[in-house]
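Asks: Sequence plus predicted model, see below.
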Amino acid sequence: MNLALRLMLGYGIASMMYGTGTAWAQVSSSPTMSPALPPLSMPNVAGLFVAAALVVLLAATILVGIAYDLSRKREALAVSLESRISDSLLADPSLGSLPVAPTVSIPLWRGSPVVIAMTGSVPRSQLRHAALELALREATKSARTYRLEDRIMIDPAVARRAA
């Protein structure tokens, strides 16, 4: 054998044994066809699931934040209205010394009425009506729709304790 052929054959065997990465080209007499594309692989289902879970978690976090902000604003409005009614009750000379207190709650639903509960005791029905009228005046200034709950009891013994 020819020396050059021996060297090439030895080099080829050595590269196959030790994996040097050299490839030999082979020429075929048949017409060549383009190599087929590998089949498309299925997308990573676990990755899509994690991405979808993150999007859902982000949306839930945003909704919880919006609901918390809305409830905080409604609570601030309720406290504001409650303090205005209380200040008006204390400013009235006939009602200032009586144990009458408002409790205001504003529901989260926008169309729901503001609920004002007047609780306490008064000695006469005229003072009860005066306290309710005062609460109504303050409610009409700040709330579109409201519901006044009358929980004021008439107790003649309150006049002796308040004096």
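Replies: Now that the structure is in, tell me what you want to look at.

Asks: Now do the helices in this protein.
Replies: Assigned by DSSP state H, the chain shows helices spanning 3-18, 45-91, 125-142, 157-162.

Asks: Specify the angle between the longest one and helix 125-142 in degrees.
Replies: The one in question is helix 45-91. If you take axes from the mean of the first three to the mean of the last three C-alpha atoms, to 10 degrees, helix 45-91 sits at 130 degrees to helix 125-142.

Asks: now for helix 45-91, which elements pack on it?
Replies: On a contact count with 3 or more C-beta pairs under 8 Å, 6 or more residues apart in numbering; DSSP states H and E, helix 45-91 meets strand 100-105, strand 114-122, helix 125-142. Where you see a C-beta, it was placed from the backbone N, CA and C, and this is true even at glycine.

Asks: Just put those in TSV and tack on mean pLDDT and distance to I62.
Replies: Converted to TSV, the helices and strands packed on helix 45-91 look like this (pLDDT from 0 to 100; distance: least, C-beta to C-beta, whole Å):
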stretch	mean pLDDT	distance to I62
strand 100-105	94	26
strand 114-122	93	27
helix 125-142	92	30
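
Asks: possible to save these as JSON lines with mean neighbour count?
Replies: What follows is these, written out as JSON lines (neighbours: other C-beta atoms under 10 Å):
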{"stretch": "strand 100-105", "mean neighbour count": "20"}
{"stretch": "strand 114-122", "mean neighbour count": "19"}
{"stretch": "helix 125-142", "mean neighbour count": "16"}
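
Asks: Low-confidence ranges, the chain, go.
Replies: Per-residue confidence of the chain (counting by pLDDT under 70) places the weak regions at 1-43, 159-163.

Asks: okay, which residue is most central for it?
Replies: V64 (1.3 Å; C-alpha atoms, centre = their mean).
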